[in-house]
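**Q** just coords:
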């Protein structure tokens, strides 16, 4: 039998170890990552699942008001959440975990549960047992987005053979113009480019302030957040901030460029060098981020990422209404 309770500070050490050894744990599941959020930003409600005194699973979560009720969401301050699974968990185990979470939430009168699951590339042993267990218990898709994932294991020694002709020409042009990609930990060099690009193109600000990004790296470790810059005679033309999500996947959390220098193709060269870095660092997959929003496709972004051999993987958000509440 699985017992569920709210996590406490005394669980942190075991929690971190569980993420490290789980099949689907990522940087977004770690207590260190969640610490960057200031107190009071979210009503944290992380769940610990135990069986026979052993930590069985954990689900990051926070309580949110929705449709006149309180929902448990995992996790509003992270790209994804959902219950952590052991590599040896079969369907019966996964169903027991889901049942325990649902019963816990129902017993406390929560109006519903929502979770965004890591894409399959992030699992040590990919499979759809968790999706199946959720759907069988009445969860439905609130949204399904596509994230651009490159299978690095399918690239040979010459990675540019996996690129489209247009992508390769862009790389060659950037090199002819004297651009180069360097790893540089100074976020202040790239942040103005990121901030301006997001404001001009989308009217939004970066998810993290510069101070939050620096604090986050100090919490999770410098080796887990890396920055690459495309530089030329005109300075920093583009940048990419990479999150070490787990030993299998590196995620490009931020990608941006200075639109004034787009013709020099700095992003092409940046993609090429980061792909090579990720492969040489031992990652199996490189996630270049989503190219859909609410199921609407950004066609230009989609084609550009596909030109570097990326293919769409689902990033699913599922929800279940409880206590007579609809989703």
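**A** Noted; the coordinates are in hand. The structure presented is a predicted model; accordingly, all values stated were derived computationally and were not measured.
**Q** make it CA atoms for all contacts and neighbour counts henceforth
**A** Fine.
**Q** As a check, name the ranges of all helices in the protein.
**A** Ranges of helices in the chain, per DSSP state H, are 12-21, 31-34, 91-107, 129-136, 165-176, 187-202, 210-220, 266-280, 299-306.
**Q** Quick one: work out the angle between the third one and helix 129-136.
**A** Note on geometry: by axes from the mean of the first three to the mean of the last three Cα atoms, to 10 degrees, helix 91-107 and helix 129-136 are set 50 degrees apart in direction.
**Q** Identify the residues contacting helix 91-107?
**A** 2-4, 49, 57, 72, 83, 85, 112-113, 129-130, 133-134, 322-323 (Cα atoms under 8 Å, 6 or more residues apart in numbering).
**Q** Among those residues, which ones are in strands?
**A** Residues of these located in strands (DSSP state E): 3-4, 49, 57, 72, 112-113.
**Q** Of the helices of the chain, which is nearest residue 316?
**A** Closest approach to residue 316 among these is made by helix 129-136 (9.2 Å; Cα to Cα).
**Q** List the contacts of residue 242.
**A** By Cα under 8 Å, 6+ apart, the contact set of residue 242 is 224-228, 250-254.
**Q** Identify, from those residues, the entry nearest to residue 295.
**A** Taking Cα to Cα as the measure, residue 253 is the one of the contacts of residue 242 closest to residue 295, at 19.5 Å.
**Q** Only the buried residues of the lowest-mean-pLDDT helix or strand in the chain, if you could.
**A** Scoring the helices and strands of the chain by mean pLDDT, DSSP states H and E places helix 187-202 at the bottom, with a mean of 92. Of all the residues in helix 187-202, those buried under the rule 16 or more other Cα atoms under 10 Å are 187, 190-191, 193-197.
**Q** and the contacts of residue 242, which are buried?
**A** Using 16+ other Cα under 10 Å as the burial test, the contacts of residue 242 include 224-228, 250-254 as buried.
**Q** Format these as JSON lines; extra columns: pLDDT.
**A** Output for these, formatted as JSON lines (pLDDT from 0 to 100):
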{"residue": "224", "pLDDT": "97"}
{"residue": "225", "pLDDT": "98"}
{"residue": "226", "pLDDT": "98"}
{"residue": "227", "pLDDT": "98"}
{"residue": "228", "pLDDT": "98"}
{"residue": "250", "pLDDT": "98"}
{"residue": "251", "pLDDT": "98"}
{"residue": "252", "pLDDT": "98"}
{"residue": "253", "pLDDT": "96"}
{"residue": "254", "pLDDT": "96"}
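**Q** would you turn the residues you listed into JSON lines with distance to residue 263?
**A** Shown next, in JSON lines, are these (distance: Cα to Cα, whole Å):
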{"residue": "224", "distance to residue 263": "32"}
{"residue": "225", "distance to residue 263": "28"}
{"residue": "226", "distance to residue 263": "26"}
{"residue": "227", "distance to residue 263": "22"}
{"residue": "228", "distance to residue 263": "19"}
{"residue": "250", "distance to residue 263": "27"}
{"residue": "251", "distance to residue 263": "26"}
{"residue": "252", "distance to residue 263": "22"}
{"residue": "253", "distance to residue 263": "23"}
{"residue": "254", "distance to residue 263": "20"}
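**Q** Just name the closest of those to residue 119, please.
**A** residue 251 (11.5 Å).
**Q** Check the spacing between the closest one and residue 283 real quick.
**A** Residue 251 sits 10 Å away from residue 283, taking Cα to Cα, to the nearest Å as the criterion.
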